[in-house]
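Enquirer: Mind folding the following:
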Amino acid sequence: MIGSDLKFKDQVAIVTGSSSGIGKACAIHLAELGAKVVVNYSSNLEEGEKTLNEIISKGGNAILVKADVSHEEEVKALFNETISKFGRLDIVVSNAGLQKDSSFLEMTLQQWQKVIDVNLTGQFLVCREAARQFVAQEKAATEVSHSELSIGKIILMSSVHDVIPWAGHVNYAASKGGIMMFMKSISQELAPYKIRVNSVSPGAIKTSINKEVWSDPDKYKGLLQLIPYKRIGTPQDVAKAVAWLASDDSDYVNGETLYIDGGMTLYPEFADNG
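Expert: A predicted model of the protein is given here:
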C-alpha cells in the first residue's frame, strides 16, 4: 500500500518496459513512494495491465501507455501522453531491454540489430526526449527556482555485462557496454542543466528471463558460485536502488553506475587465490 514516506509526492515518473520483471518492480515501488507512474509496455497488454492494476489497487496513480522504445515516433507519443495526462515529468527509468542469444559464429544481423535497436538506440531515444522535456518545463516555469536540486532525473538500466564479457551473448553485452559510455557522456553534457543521469547494473536477478536457471536446483547452485553474497537478487533489490538514485538523497550523484549484483563483479573465481 501507499505508505507515509511519500518522497516522490507530486512527481511524475516514466518507467519503460514496466510490464514485467525489474521494470514492473520499479514502477510499483515508485508509486508506493508517491510518484504518478506511466507504465509502459511494448507488446504484452495483459502484463502491462497487471502492473497498472497492482499500482491502483495499492492506492497509487498510474496510466498505461504502449510504445516500442526502438521507434522514435512511439517514444515521442509516450512522452506526449505523459505530459497530456500529468502535465510534467520528473523521473525517467529507461529500463526496456531484451536478449536474442546466439553463438557469435551463428548470430544473424537481425539478432544483432534487434538487441542494439532496443537496448541502446532505445536508451538514446528515451533519454533524449526526457532531457528535452526537463529543459522545456524548466524554461516554462512561471517562477524562477532558486533550488540547487536537479530539475530531472534519468536512470538507465544496464547490466553487470557492461564490464563482464559474455560469450554467446555478444549483442547484449555490446549494448550494455555502450550504455555505460552513453550514460557518462550525456551526464557530462546535461549536468550544467541540473539534469542528473546515472545507471543501475543488476547481476543475476530472479525474473522470468532466467527462470530456467534459478528454478533448477543444480543450475542455481552453479549460479551461486558466481555470487559472493550467495543469493540471487530480486527485482525489489533493483527497484530500491533506482528509487534512491531518483531521490534528492542522491542529488550529488551524477554519471555513476550502481552495481546491484551481490558481488558478481568482484571476480569470485579469485577468492581462493585463483
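
Enquirer: Residue 35 versus residue 140, what's the distance?
Expert: Noted for residue 140: a distance of 21 Å to residue 35, by C-beta to C-beta, to the nearest Å. From N, CA and C alone the C-beta is placed, and that goes for glycine too.

Enquirer: again, but for residue 181
Expert: As judged by C-beta to C-beta, residue 181 and residue 35 stand 29 Å apart.

Enquirer: So the two - more neighbours on which side?
Expert: residue 35 (27 against 10; other C-beta atoms under 10 Å).

Enquirer: For that one, which residues are in contact?
Expert: If you count contacts by C-beta atoms under 8 Å, 6 or more residues apart in numbering, residue 35 has them with 8-9, 11-13, 90-91.

Enquirer: Quick check: residue 259 is in a strand.
Expert: Yes: assessed by DSSP: H, G, I helix; E, B strand; the rest coil, residue 259 belongs to a strand.

Enquirer: where does it land on pLDDT?
Expert: Residue 259 is assigned a predicted lDDT (pLDDT) of 98.

Enquirer: unless I'm mixing things up, it is touching residue 160, no?
Expert: Yes: the criterion here is C-beta atoms under 8 Å, and residue 259 meets it with residue 160 at 6.4 Å.

Enquirer: who touches both of these two?
Expert: In contact with both residue 259 and residue 160: 201, 203, 265, using C-beta under 8 Å, 6+ apart.

Enquirer: what's around the second one, how many residues?
Expert: I take that to be residue 203. 23.

Enquirer: any chance of the contacts of residue 35 in a markdown table, with secondary structure and pLDDT too?
Expert: Output for the contacts of residue 35, formatted as a markdown table (DSSP: H, G, I helix; E, B strand; the rest coil; pLDDT from 0 to 100):
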| residue | secondary structure | pLDDT |
| --- | --- | --- |
| 8 | coil | 98 |
| 9 | coil | 96 |
| 11 | coil | 98 |
| 12 | strand | 98 |
| 13 | strand | 98 |
| 90 | coil | 98 |
| 91 | strand | 98 |
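
Enquirer: Which of those has the largest number of neighbours?
Expert: residue 13 (29 neighbours).

Enquirer: Run through this structure and note the low-pLDDT ranges.
Expert: For the chain, residues meeting the criterion pLDDT under 70 lie at 1-4, 142-146, 274.

Enquirer: go with 90
Expert: 1-6, 141-148, 208-215, 269-274 (pLDDT under 90).

Enquirer: which stretches of it form strands?
Expert: Under the criterion DSSP state E, the chain contains strands at 12-15, 36-41, 61-66, 91-94, 152-157, 195-202, 257-260.

Enquirer: Tabulate the contacts of residue 35 (a markdown table), appending distance to residue 192.
Expert: Listed next are those as a markdown table, based on distance: C-beta to C-beta, whole Å:
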| residue | distance to residue 192 |
| --- | --- |
| 8 | 25 |
| 9 | 28 |
| 11 | 22 |
| 12 | 23 |
| 13 | 23 |
| 90 | 19 |
| 91 | 20 |
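
Enquirer: The residue minimising distance to the centre of the chain and residue 10: what is the separation?
Expert: Residue closest to the average C-alpha location in the chain (C-alpha atoms, centre = their mean): residue 95, at 2.9 Å. Per C-beta to C-beta, residue 95 is found 22 Å from residue 10.

Enquirer: List the residues that contact residue 117.
Expert: Residues near residue 117 by C-beta under 8 Å, 6+ apart: residue 70.

Enquirer: Please report how far it lies from residue 105.
Expert: Distance of residue 117 to residue 105, computed by C-beta to C-beta: 22 Å.
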